[in-house]
Every structure is written in structure tokens, then in C-alpha cells.
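# here is the input, now give the coordinates:
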Amino acid sequence: MKQFDVIRVISIRDDRFKAAGGGWQKAPEVGDVGTNLEVYANAFEVECSDSSNGHTIWLAAMYPDEITSVAR
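Residues are numbered from 1 along each chain as shown. Below you'll find the model as predicted:
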């Protein structure tokens, strides 16, 4: 996967987002669609945003086995 690819969350390891939240941010969920903002050695920085206003819903580092590319 490359920077700015559209992705879908297909799994979430452990309970690492269980404590996420506070204010604007919700935790990523299986089925969410987002964009790869950064590509790291073993992870991706993914943003899920509201398509109607562009506001960030969540921003999280995701492992390669947790996401898949979405055909454009």
C-alpha cells in the first residue's frame, strides 16, 4: 500500500483502541474506510474523515494485517 491509498479496516489487533476517545475522536472499527497518510516500516498512519465536511473521525497507526486497499 502506498501513501494516499484508500483503505478499509478488516481487523483490529487485541483491544488496543478500547481506551481511545476523548473529545472528537472515536476508535477505529472493522469496516471503516480511510486514507493512508504515512507509510512506516511496519505500519500505516490512517485517517478516517467525514465525507460531508472533511472533519477527522479518527487518526491511528494501523498494522498491515488490519487494513486492505479499496479499489478506486
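# in what helix or strand does the nearest residue to residue 26 once chain neighbours are set aside lie?
Excluding its sequence neighbours, the residue lying closest to residue 26 (CB to CB, 6 or more residues apart in numbering) is residue 58, at 5.5 Å. For every residue, glycine as well, the C-beta is placed using N, CA and C. Residue 58 is part of strand 56-62 when elements are defined by DSSP states H and E.
# need the residues that contact that strand.
Residues from elsewhere that reach strand 56-62 (CB atoms under 8 Å, 6 or more residues apart in numbering): 7, 9, 17, 20, 24-28, 32, 34, 37, 40, 43-50.
# list buried residues within the residues you listed.
7, 9, 17, 27, 28, 32, 34, 44, 45, 46, 48 (16 or more other CB atoms under 10 Å).
# list phi and psi for the last one.
The main-chain torsion angles of residue 48 are listed as degrees, to the nearest 10 and equal phi -110, psi 130.
# what strand or helix carries residue 38?
strand 33-39.
# for that strand, list the C-alpha coordinates in PDB.
Extracted in PDB, the C-alpha atoms of strand 33-39 (Å, rounded to 0.1, in the frame of the first residue of the first chain):
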ATOM      1  CA  VAL A  33     -12.800   3.400   5.300                       C
ATOM      2  CA  GLY A  34      -9.800   5.800   5.500                       C
ATOM      3  CA  THR A  35      -6.700   7.200   3.700                       C
ATOM      4  CA  ASN A  36      -3.100   6.200   4.300                       C
ATOM      5  CA  LEU A  37      -1.400   9.400   5.300                       C
ATOM      6  CA  GLU A  38       2.100   8.000   6.100                       C
ATOM      7  CA  VAL A  39       3.800   4.700   5.300                       C
END
